[in-house]
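Enquirer: Predicted model follows, preceded by the sequence.
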Amino acid sequence: MQTVLVTGATGCVGSNLAIALFRTGRRVRILRRSTSSLDVLDDTPCQEFTGDVCDEALLRSAMDGCDVVYHAAAIVTFARGARDEQQRVNVLGTRAVVNACLSAGVGTLVHVSSVAAIGYPEPGSMADEETPVDRRAARGYKLTKILAEDEILRGVGRGLRAVIVNPSVVIGERDTRFHAGQLIRDIKKGRIPFYVDGGMNIVYVGDVVRGMIKAGETGKSGERYVLCGENMTHREIFFRVAALIGGRRPLAKLPLRLLRAAGRLIETGSRLVGAAPLFTADLAAIAGRYNWYSSAKAERELGFTKTPFDQTILAACRWYVSHGMLKQGGLD
């Protein structure tokens, strides 16, 4: 029986992965913070290791005898006030994971990166694993994911078998922190009165999990694999989600210059009152882009498949409803 370790196991990707690994016959270990709830794991039998992802001694202990490590721990936010902690967890935490894998003799490391570590596509095209990124312009979350990949490649250079997966915007069950699931909450509540030019790519968490498991089995060491779903405009996404869940669709298109001004104001105001911003200047800066991606490489080499957009949104909503997080009148 294969023994695996999942970091970030109480997040959306990590929890779905841990459950899927157990159901396919693996012995599952998880690393979690002491403050993280285990509710999302649905009582899945796991050996728990509690502590910080930067603690190499703890990581080595958790990895002892492991065949595969899935590194999904990360801080996903675009709030500027979180940048120091984001740098520590996303970059230094990945460095610690790589060092521990090398020390413990782990067979394979699968690292959950992001399409944020890939360059933006040219207008009218899709980005892929080879699209160059402008490091000089990168900041915040994007920069930490680029630097974390550097740590993975450093490990590969020292003999570690490591594979990188780059999911797009992940939606699905167990997103209790409402990262991408915030889209559903906001449309249900009518909090998105406008849309802007541009687009994005949304992928179902179940597809990401299956892609990660295949990456660990057959992915090439040192290679990236984009795991993404359908490319859609913002207008298409907002209108379609509203129709699917009975939410309120945006009323009109907003000029980008106004959106960017709003992003700065919202972030500044949130910082003054000590609240997490619903929208940030970093998000506003990329909002008008068509962040579209191709998963052709993952389809070809990993057998990656995509769940249709409608099914992705409805799967997330059904989970929210069944767990009392989505009611007839909206989300609590």
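Expert: All right, it came through fine.

Enquirer: For the rest of this, base every contact and every neighbour count on C-alpha atoms.
Expert: OK.

Enquirer: per-residue confidence for residue 115?
Expert: On pLDDT, residue 115 comes in at 97.

Enquirer: ugh, typo on my part, it should be residue 311
Expert: At residue 311, pLDDT is 97.

Enquirer: Just give me the neighbour total for it.
Expert: Neighbours of residue 311 under the rule other C-alpha atoms under 10 Å: 13.

Enquirer: got it, and the one 3 residues further on?
Expert: The number of residues packed near residue 314 is 17, by other C-alpha under 10 Å.

Enquirer: element containing it?
Expert: Using DSSP states H and E, residue 314 sits in helix 309-322.

Enquirer: what distance separates that helix from the middle of the whole chain?
Expert: Counting by C-alpha atoms, centre = their mean, to the nearest Å, helix 309-322 is centred 17 Å from the centre of its parent chain.

Enquirer: Can you list the buried residues in that helix?
Expert: 309, 312-320 (16 or more other C-alpha atoms under 10 Å).

Enquirer: after it, next one along is what?
Expert: Following helix 309-322 in sequence, per DSSP H and E, is strand 326-327.

Enquirer: Okay, now the sheet partners of that following strand, with direction.
Expert: According to DSSP bridges, strand 326-327 has the following sheet partners: strand 330-331 (antiparallel).

Enquirer: and the partner strand, average pLDDT?
Expert: 52.

Enquirer: likewise stretch 202-215?
Expert: Stretch 202-215 comes out at a mean pLDDT of 98.

Enquirer: which stretches of the chain form strands?
Expert: Here the chain has its strands, by DSSP state E, at 3-7, 27-32, 47-50, 68-71, 108-112, 162-167, 169-171, 194-195, 199-204, 224-227, 230-233, 252-253, 326-327, 330-331.

Enquirer: In CSV, list those along with mean neighbour count.
Expert: Shown next, in CSV, are these (neighbours: other C-alpha atoms under 10 Å):
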stretch, mean neighbour count
strand 3-7, 25
strand 27-32, 23
strand 47-50, 16
strand 68-71, 25
strand 108-112, 25
strand 162-167, 27
strand 169-171, 24
strand 194-195, 20
strand 199-204, 23
strand 224-227, 29
strand 230-233, 19
strand 252-253, 12
strand 326-327, 16
strand 330-331, 16
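
Enquirer: Quick one: those as CSV, columns for distance to residue 127 too.
Expert: CSV is the format used below for the strands of the chain (distance: least, C-alpha to C-alpha, whole Å):
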stretch, distance to residue 127
strand 3-7, 28
strand 27-32, 33
strand 47-50, 37
strand 68-71, 24
strand 108-112, 18
strand 162-167, 12
strand 169-171, 14
strand 194-195, 23
strand 199-204, 11
strand 224-227, 9
strand 230-233, 11
strand 252-253, 25
strand 326-327, 34
strand 330-331, 34
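
Enquirer: that older thread, and which of the buried residues of helix 309-322 is nearest residue 198?
Expert: Using C-alpha to C-alpha, residue 309 comes nearest to residue 198 of those, at 17.5 Å.

Enquirer: thought that closest one was touching residue 230?
Expert: Yes. The pair residue 309 / residue 230 is scored as a contact, 6.6 Å apart, by C-alpha atoms under 8 Å.

Enquirer: tell me, what's touching those two both at once?
Expert: Contact criterion C-alpha atoms under 8 Å, 6 or more residues apart in numbering; residues shared by residue 309 and residue 230: 202-203.

Enquirer: Tell me what the nearest residue to residue 233 once chain neighbours are set aside is bridged to.
Expert: Nearest non-adjacent residue to residue 233, counting by C-alpha to C-alpha, 6 or more residues apart in numbering: residue 199, 3.8 Å away. As for beta bridges, residue 199 partners with residue 233, residue 290 under DSSP bridges.
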